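> Sequence and computational prediction follow.
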Amino acid sequence: MRLQVLTLGLLLAVPTVAPAQVADDSRWTFGGTAGVGRTWDDEGSIGSGWLAGGYVERRLSKNVGVEVAADVLANRRTDAFEANGHTTYLSAELIRRFGSREANFFLMGGGALALHTGTTGFSDGSFRSERSSTSPGFMFGAGLSFRTPNNLEIAPIARMTIMSIENDSEPWSSISGGIRIGFRR
C-alpha cells in the first residue's frame, strides 16, 4: 500500500517531459461514455447496471483540464432483496494527464451531485418503497487516453463516487468502468 501511495505521489509531483510536438490548438473535447457499474447504499449492494453519459473538457494547460459531465448509472438487484433504479451524476472534475498527446495516463477528481430514483423491497412483496434523493459528494477516477491524428480520443476509464447521504436507502457509493469516445476541437 505504501508503494502505491508513493508511486501516485511521485506521478503527481514529477512534471511530464515530452519530446517536441506539433502545436495542438485544440482546447475542447466533447464526447460520450458507455460502460457498466455497481451501486451501494449503506447496507450493501443495490445492484449493477449500464452506464451512459456525456462530457465536455476544457484544457487549461498542456497537462491539466477541467471536465463537466452528466452520467446515468442504472442499478438492478434481484434476489431476496430487490432494487431497481438509476442515479444521474452531475460532476465537475480536474484532470491531470501524464504522457504525450497521442497516449497518456490521467487522474481526475472533483465534486458530484447524485440524483437517484428507484424502488427497493423484498421479493415476497412484504415491503416495497419508492425513493428519490439528491446527494452531494466526490467523484474520482483514472484512465488511459489514446488520440488519433484526426483528434479522435478513445479512453478506457474507471471511476468511483462517494456521496453524503441523509437516508440509509440512498446510494452512497458507486464504481463504474467504461469506454469514452471524444472529439477534440
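Ah, there it is.
> Now do the closest residue to D42 other than its chain neighbours, the pLDDT please.
Spatially, and ignoring its direct neighbours in sequence, D42 is nearest to D168 (4.7 Å; CB to CB, 6 or more residues apart in numbering). For every residue, glycine as well, the C-beta is placed using N, CA and C. As summarised for this prediction, D168 has a pLDDT of 71.
> what bits of the protein have low per-residue confidence?
Low-confidence segments of the chain (pLDDT under 70): 1-25.
> Show me where it has its strands.
If you assign secondary structure with DSSP state E, the strands in the chain sit at 28-41, 44-59, 64-78, 81-99, 103-122, 128-147, 152-163, 173-184.
> mind putting those strands in JSON lines, mean neighbour count included?
Output for the strands of the chain, formatted as JSON lines (neighbours: other CB atoms under 10 Å):
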{"stretch": "strand 28-41", "mean neighbour count": "18"}
{"stretch": "strand 44-59", "mean neighbour count": "18"}
{"stretch": "strand 64-78", "mean neighbour count": "18"}
{"stretch": "strand 81-99", "mean neighbour count": "19"}
{"stretch": "strand 103-122", "mean neighbour count": "17"}
{"stretch": "strand 128-147", "mean neighbour count": "16"}
{"stretch": "strand 152-163", "mean neighbour count": "18"}
{"stretch": "strand 173-184", "mean neighbour count": "19"}
